[in-house]
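>>> everything below, folded, please.
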Amino acid sequence: MERKKGRPLWLLWLGLLALAASSILYSRIGIKNTFQALTFSGKIIGAVIFLCAAVSALAIFGMVALLYLRLSASRIRSCSNLVITGAATSFTISVVVFVVQIVVGELTSWLWAWGSMAIGCVCMLLYVHVRHLPVPSAGRLVGGLSLGLLVSLVSVVYTDFYLPSATVPLLSTSVNVKMAKIDTKAGTATIPFSIQIRNQQSVGVYILGAFYDVAGRKESFVRHGASPVVAPVTEYDDMLNGQPFGSFVSEHAYDLLQEGPIGSPGDFLNPGEAFGLSDTLTIPEPTPYDAIQFSFHILIMRDDRFQLEPNFAQPISANVSTAPAWVRGHLPKNRYYVTWRARILPDNYLLELIRRPQVTRVWYVLPPLHSVRPYSPNLVGVILPEGSSTVRPPTSFQILNEINFYGLEREGGGEYVTVSPAQLHIPNRK
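The predicted model follows:
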């Protein structure tokens, strides 16, 4: 092929190279997304990208026909339309993916690929212009561009409408406390109890963490000062309204009696499945506590949007000195925590390319032995880029985004069951 004036061949070769690369890459992305994506939206995006790859491949054959075959005027126009539509479609897809990757803040090496293919498609369009090939009508060109823009439209609709409105699976949790067995010689009372977690939803869930606390509550009475000004505001208002107010108020103190995991990190619940534990609690008899409180905290992640690598929940450390500052800053020096992580597998192949690998980090802070507040397991989970060295406390927006996007859900975290010793036939110490 001879080089002629006004026909720079470098534009042609760059354009053909870009169309070939986009055809191969987008075909791979389209096939993997269509057959392997977890979500319906991911499958639709894969089908659209594969269709765009097919149009780009046809554009190559159209340009080869223009270069090496003797065609009639009508066929020259048809091949020219095919080349321009394919180049415009590939350009649009590359720009959309490039912009999406910039927006999500993942500056990976694939940015060069999307940018290079977009530039190559521009070279092909310039070559067609320089060679004075017939240009398709505006309607056909818009149709080719719309094919690529449909990918971004589906993504936006899915992110803005489907994810926030999707129901997060709530687990059914029950705590059963049985009558105590009294050992008068040993001066102890043994309380059998069980905790069961059941997944009653239509999707499976990963158990990222599940812990329980059992606390004994002591009640004491404190006398108010002589001056009504030091009384609580509500009682002071009662006095001003001519109502009597109490001279004594009750205060509570809590002792940690028992804590531990419900199951183990790495458990998975299919729809309809359940797991739990059966254990016993031993306390002094007669008991100094006026109530026994059970609380739990569960962190789950649904598996219909993202999945975790097999054998997840890999331990990292168990020392407070390596905790992030926003966890360490709220702990005494003698407090410890346990932590593990799991790599998140992307919903689809395209997401795997444009985003860095993500991991979920889970912290469980060991509770103190005594507290002035009711006990609740302290379980924290965040999503981070793999290998990230900076760990900041999640903002409320990040927490909401993670719940919507990754299907995270926290359950429990407060007082769940409170029983009195009398209900369990345990005498109370006078």
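
>>> what about the longest helix that the chain contains, average pLDDT?
In the chain, taking DSSP state H as the definition, the longest helix is helix 73-103. Averaging pLDDT along helix 73-103 yields 85.

>>> which stretches in the stretch 51-200 of the chain count as helices?
Taking DSSP state H, counting those that start in this stretch as the test, the helices found in the stretch 51-200 of the chain are 73-103, 110-130, 138-157, 163-165.

>>> report the buried residues of the longest helix of the chain.
For helix 73-103, the neighbour count (16 or more other CB atoms under 10 Å) marks 76, 78-98, 100-101 as buried. No exception for glycine: its C-beta is placed from N, CA and C like everyone else's.

>>> same thing with stretch 352-359?
Applying 16+ other CB under 10 Å to stretch 352-359 flags 352, 353, 354, 355, 358, 359 as buried.

>>> which helix or strand in the protein has the lowest average pLDDT?
helix 163-165 (a mean of 47; mean pLDDT, DSSP states H and E).

>>> residue ranges in the stretch 151-300 of the chain under the pLDDT threshold?
Applying pLDDT under 70 to the stretch 151-300 of the chain flags residues 151-169, 220-250.

>>> thinking again about what came up before, just the ones in strands from the buried residues of stretch 352-359, please.
Among those, the subset assigned to strands under DSSP state E consists of 358, 359.

>>> in a markdown table: the buried residues of stretch 352-359, plus pLDDT and distance to residue 18.
What follows is those, written out as a markdown table (pLDDT from 0 to 100; distance: CB to CB, whole Å):
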| residue | pLDDT | distance to residue 18 |
| --- | --- | --- |
| 352 | 84 | 22 |
| 353 | 86 | 17 |
| 354 | 83 | 19 |
| 355 | 80 | 24 |
| 358 | 82 | 30 |
| 359 | 82 | 35 |
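
>>> and the buried residues of stretch 352-359, which is closest to residue 213?
residue 359 (27.1 Å; CB to CB).

>>> kindly report the domain assignment for the protein.
By the record's domain assignment, the chain is partitioned as 9-161, 172-424 (automatic domain parsing).

>>> tell me the most buried of the ones you listed?
Most buried of these, by mean neighbour count (mean count of other CB atoms under 10 Å): domain 9-161, with a mean of 18.

>>> now do that one: distance to the chain's middle.
32 Å (CA atoms, centre = their mean, to the nearest Å).

>>> could you do stretch 410-430 as well?
35 Å.

>>> which secondary structure elements does the top strand by length along the chain contact?
Using DSSP E, we find that the single longest strand of the chain is strand 205-223. Counting contacts by 3 or more CB pairs under 8 Å, 6 or more residues apart in numbering; DSSP states H and E, strand 205-223 packs against strand 188-198, strand 248-261, strand 268-269, strand 291-302, strand 358-365, strand 378-385.

>>> of these, which approaches residue 427 most closely?
strand 188-198 (8.6 Å).

>>> strands paired with the closest one, and their directions?
strand 172-177 (antiparallel), strand 181-183 (antiparallel), strand 274-284 (antiparallel) (DSSP bridges).
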